[in-house]
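1. Provided below are the primary sequence and the corresponding predicted coordinates.
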Amino acid sequence: MPIRYYSTNRNLKNIAGIIPFTGTVSFKDALLAGQAPDEGLFVPDSIPQISLKDIHALKGKPYREVALLVAKAFLADEFPPEVLSKVVFDAYNYPVPLEEVYPQAFVMRLDQGPTASFKDFAARMMARLMSHCRPHGERLNILVATSGDTGSAVGDAFHGVTGIDVTILYPAAEVSLRQKKQLDTIGGNVQALSIHGKFDDCQNLVKQAFSDPALAKFNLTSANSINFGRILPQSIYYVYAYAQLAAPGEQIVFSVPSGNFGNALGCEYARRMGLPVAKLVMPTNENDEFPNYLKTGTYRKVAPSRACISNAMNVGHPSNLARFFELYGGTVDRVGNVHRYPDINEMRQNIFSVSITDNETRQTIKNIHELYRIVLEQHGAVGWAGLETYRKVSADKHLAVSLETAHPAKFPDEIEKLLGFSPDLPASMKDIDQRQGGSVAMTDNYDNFKNYLQNNLKIKE
Ligand SMILES: *Cc1c(COP(=O)(O)O)cnc(C)c1O
């Protein structure tokens, strides 16, 4: 039976503002819609199994082959194998280093893609899948509001993809110079708008555009982090690491620095596909709503979210928590109200979470460099600190892999302060300061924005 996708809000009857969507959709429809019509998140109604034999056979094989195994398991009903093969071949053309810290403990660097953050993995596969399922002969127009990393990963991923144009909105005063350079200079089918306003204003402009009937002819769609098309690719690198490092049948622990929980969710699905994950460690920064929930059994979001140095994880109510609750039998909505609690004992058995302070994060960057000559930036350091905490409190000695989610050269000031040198830019970013391009500056007035879209977006190919 083909896999169908339903909404995490489907059972929410009699809740103000929610009209539950009780149907199911295909992967392609979930990919193009992004979010369910009731503002719930799409989840698969079954999870395909991958055999350990097939996984171990990938030892020493390139990343793309692992990607193809996982993609086929989930998507073979809707995409022919030659399409999937081309998608992963085009998407994954960069290395995925596994660095040994000490015996049985590794760092997996997901920072070698074109924008040097792990978000490249998901954005690049999603972009190519979307290109294949757009309506025949028509153009899709993606609108993304970003506060930094997501916009450049998505923009870069769609760069040059046939039939899809991307408009990125970012808050002019809230991005770093290097981030601005990254966003403004993608070029081709990707245009950046520098908005005189805050991130929330950008997001509101995009939301209004999606619900404006006058813009429907442009096939507007989103590429945000709740799209299931971004979750699936994030289960692949867990299978890859396991295939490279594990002895036959051995169990493994992963530590995933977490903000909106999309990355960790990829690991949860990999385990449910059959990967022998002994524990999923999900360290957060000082936004500690989830570790507190696992400790106390009561969920309270952190509002407003706390500003920590691992700024891509400053999330007070993770959007993908709805999918975690769903997988463990619970329901939580977009604003953080719990309608049914999940099975917390089962969750505690599979997941460990801990909040890491900024001080601990800085200390970790110093220690791992001093002891092992490994350079981590602040997000990866939260991951490593979480793993060390877990190993200490549990005495678990399994093979363990912690994820580095961005390249240290993206945070030259913090690293320079702590380690006394500024890390080299990765190959993909060496020319960043010389790149040419520009953004269109705009106020946060909706009518201006709408005019811009009507004058600049294209309809047909
Ligand atoms: C987005 C991001 C994270 C958090 O990932 P989630 O999937 O939101 O939990 C961690 N590190 C970096 C560098 C990121 O850009």
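-> Sure, I can see it. What you see is a predicted model; the values in this text were computed from it and never measured.
2. for the stretch 351-461 of the chain, what are the low-confidence residue spans?
-> Across the stretch 351-461 of the chain, the ranges flagged by pLDDT under 70 are 460-461.
3. All the helices of it, in order from the start?
-> Listed in chain order, the helices of the stretch 351-461 of the chain (DSSP state H, counting those that start in this stretch) span 358-372, 378-394, 412-419, 446-456.
4. again, but for the stretch 151-300 of the chain
-> Taking DSSP H, counting those that start in this stretch as the criterion, the stretch 151-300 of the chain carries its helices at 177-184, 199-210, 228-231, 236-245, 262-272, 289-296.
5. The ones you listed: which one's closest to the ligand?
-> Checking those against the ligand by CB to the nearest ligand atom gives helix 262-272 as the closest, at 3.4 Å. (Each C-beta comes from the backbone N, C-alpha and C, glycine too.)
6. how far off helix 378-394 does the closest one point, in degrees?
-> Between the axes of helix 262-272 and helix 378-394, defined by axes from the mean of the first three to the mean of the last three CA atoms, to 10 degrees, the angle is 50 degrees.
7. sorry, back to before: save the helices of the stretch 351-461 of the chain as TSV, and put in distance to the ligand and mean neighbour count too.
-> Output for the helices of the stretch 351-461 of the chain, formatted as TSV (distance: least, CB to the nearest ligand atom, whole Å; neighbours: other CB atoms under 10 Å):
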stretch	distance to the ligand	mean neighbour count
helix 358-372	12	17
helix 378-394	4	24
helix 412-419	13	15
helix 446-456	26	14
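8. Which positions in the stretch 151-300 of the chain make contact with the ligand?
-> For the stretch 151-300 of the chain, the contact set with the ligand under CB under 6 Å from any ligand atom comprises 257, 258, 259, 260, 261, 262, 263.
9. And the first one, what's its pLDDT?
-> Okay, so that is residue 257. Looking at residue 257, its pLDDT stands at 98.
10. With adjacent residues omitted, what lies nearest to residue 441?
-> Distances taken as CB to CB, 6 or more residues apart in numbering put residue 194 closest to residue 441, at 4.9 Å, once the chain neighbours are dropped.
11. One more: residue 198?
-> Excluding its sequence neighbours, the residue lying closest to residue 198 (CB to CB, 6+ apart) is residue 171, at 5.2 Å.
12. circling back to that earlier point, between the residues of the stretch 151-300 of the chain next to the ligand, which sits nearest residue 357?
-> Distances from these to residue 357 were compared by CB to CB; the smallest belongs to residue 257, at 13.7 Å.
13. Rounded mean pLDDT for stretch 197-213, please.
-> Stretch 197-213 shows an average pLDDT of 86 in the prediction.
14. in that stretch, what counts as buried?
-> For stretch 197-213, the buried set under the neighbour-count rule, 16 or more other CB atoms under 10 Å, comprises 197, 199, 201, 202, 203, 204, 205, 206, 209.
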